[in-house]
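1. coords please:
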Amino acid sequence: MTAAIYARRSGKNVILIEKESTGGQIVFSPRVENYPGLRSVSGADYASALTEQAESLGVVIEYAEALSAEDNGKSFTVRCDSGPVTGKALVIASGTAHRKMGLDNEDELLGSGVSYCAVCDGAFCTGREVAVVGGGNTALTDALFLSGICKKVTLIHRRDSFRAESTLVSRFREKPNAAFLMSCTVTGLKAADGVLCGITVRDIHNREEQFLPVDGLFTAIGQIPQTDVFRGFVAMDGDGYIKAGEDCLTDRRGVFAAGDCRTKAVRQLVTAAADGAAAGLAASRYTDSIL
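-> Coordinates of the predicted model:
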């Protein structure tokens, strides 16, 4: 939406193709408190305001699913389930989806104790006991962050060793409120009045289960870039993220990648908006160059 706003303010006609609802994953955040200038706002309200802003500027939102993309030389066509959409430049901002645990009530408890972003939602568990699931750098970084504000942080990993950097593991082990459950998986979520109050954890070796009372469960078992539609159209890394730098340029002239779907170190609301501005302006400059 930021890319659409910047391109529209540059005088371009803009069609935004949206598969579901505008805003993406941010709509599931009950409160956003780390976006500059906004002390606190719900993710849904933020997305709604951004949508209204884009539409007020004349951005046309096409609610459809993109199926494929074609390069026509001086234009691009995105074929959707509602029909083809053609433009002189293309910005891919399809985002990512968090890899889920596949548990009952997981979707229902998202934003009510279950979270995929410790930086976004960790503050809501200040002074409480929480758990982090995962064994990579993201999980250890989340655990370290939470250990600074939470009463106790239990790190749950399905293996007996970590993929994360050893320095991160060592730093977390040194925390007085750190706990480990190795070779374990989360098998159940318990809620009270619609809010998470505990989890069931199973040892993968002896199959024994235990109940762990927690007020927050932060899952860091990976993200899935939503880029399958564009495989073979633009270059991607081994995980499916579109290869593009801070300038948002892909290897195909006239095609730009913005937000979480591109190769980058930090995936946050503010960096997605920054990408959108860069991509929207770059796409506008490109269309001017081919006139």
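2. let me know the pLDDT of the nearest residue to Glu129 once chain neighbours are set aside.
-> In space, and not counting its chain neighbours, Glu129 is closest to Lys152: 4.3 Å by Cβ to Cβ, 6 or more residues apart in numbering. (Glycine included, C-beta is placed from N, CA and C.) Listed pLDDT for Lys152 reads 98.
3. what separates Lys152 from Ala97, distance-wise?
-> 29 Å (Cβ to Cβ, to the nearest Å).
4. cool, and Ile242?
-> Ile242 is 15 Å from Ala97, where distance means Cβ to Cβ.
5. those two - which one has more neighbours?
-> Ile242 (27 against 14; other Cβ atoms under 10 Å).
6. flag every buried residue along the helix or strand containing Leu50.
-> In this structure, Leu50 sits in helix 43-56 according to DSSP states H and E. By neighbour count on 16 or more other Cβ atoms under 10 Å, the buried set for helix 43-56 is Gly43, Ala44, Tyr46, Ala47, Leu50, Thr51, Ala54, Glu55.
7. hmm, who's touching that helix?
-> Helix 43-56 has contacts (Cβ atoms under 8 Å, 6 or more residues apart in numbering) with 1-2, 4-5, 8, 16, 21-24, 26-32, 35, 38, 61, 269.
8. the residues you listed in strands, which ones?
-> Within those, residues falling in strands by DSSP state E are Leu16, Ile61.
9. list the buried residues of stretch 174-186.
-> Applying 16+ other Cβ under 10 Å to stretch 174-186 flags Ala178, Leu181, Cys184, Thr185, Val186 as buried.
10. what's the pLDDT at the third one?
-> Here, the pLDDT recorded for Cys184 equals 97.
11. and it, bridged to which residues?
-> Asp203 (DSSP bridges).
12. so in the chain, where's the weakest helix or strand by average pLDDT?
-> helix 118-121 (a mean of 85; mean pLDDT, DSSP states H and E).
13. centre of the chain to that helix, how far?
-> Helix 118-121 sits 12 Å away from the centroid of its parent chain (Cα atoms, centre = their mean, to the nearest Å).
14. which elements pack onto that helix?
-> helix 137-147, strand 216-219 (3 or more Cβ pairs under 8 Å, 6 or more residues apart in numbering; DSSP states H and E).
15. again, 6 Å this time
-> The contact analysis (3 or more Cβ pairs under 6 Å, 6 or more residues apart in numbering; DSSP states H and E) places helix 118-121 against helix 137-147.
16. list the buried ones in the helix it packs on?
-> Under 16+ other Cβ under 10 Å, the buried positions of helix 137-147 are Thr138, Ala139, Leu140, Thr141, Asp142, Ala143, Leu144, Phe145, Leu146, Ser147.
17. ok, so what distance separates the third one from Gly113?
-> Leu140 sits 21 Å away from Gly113, taking Cβ to Cβ as the criterion.
18. now swap in the last one and tell me
-> Computed as Cβ to Cβ, the Ser147 to Gly113 distance reads 18 Å.
19. repeat that for the fifth one.
-> The span separating Asp142 from Gly113 equals 15 Å under the rule Cβ to Cβ.
20. all helices of the protein, in order?
-> For the chain, the helices defined by DSSP state H cover 2-9, 43-56, 118-121, 137-147, 166-173, 269-289.
21. what about stretch 73-82, start to end distance?
-> 23 Å (Cα to Cα, to the nearest Å).
22. residues in contact with that stretch?
-> 64-70, 84-88, 90, 290 (Cβ atoms under 6 Å, 6 or more residues apart in numbering).
23. ok, back up a step: what lies in contact with the least confident helix or strand of the chain?
-> Here helix 118-121 makes contact (Cβ under 6 Å, 6+ apart) with Ser29, Ser115, Asp142, Phe145, Leu146, Phe218.
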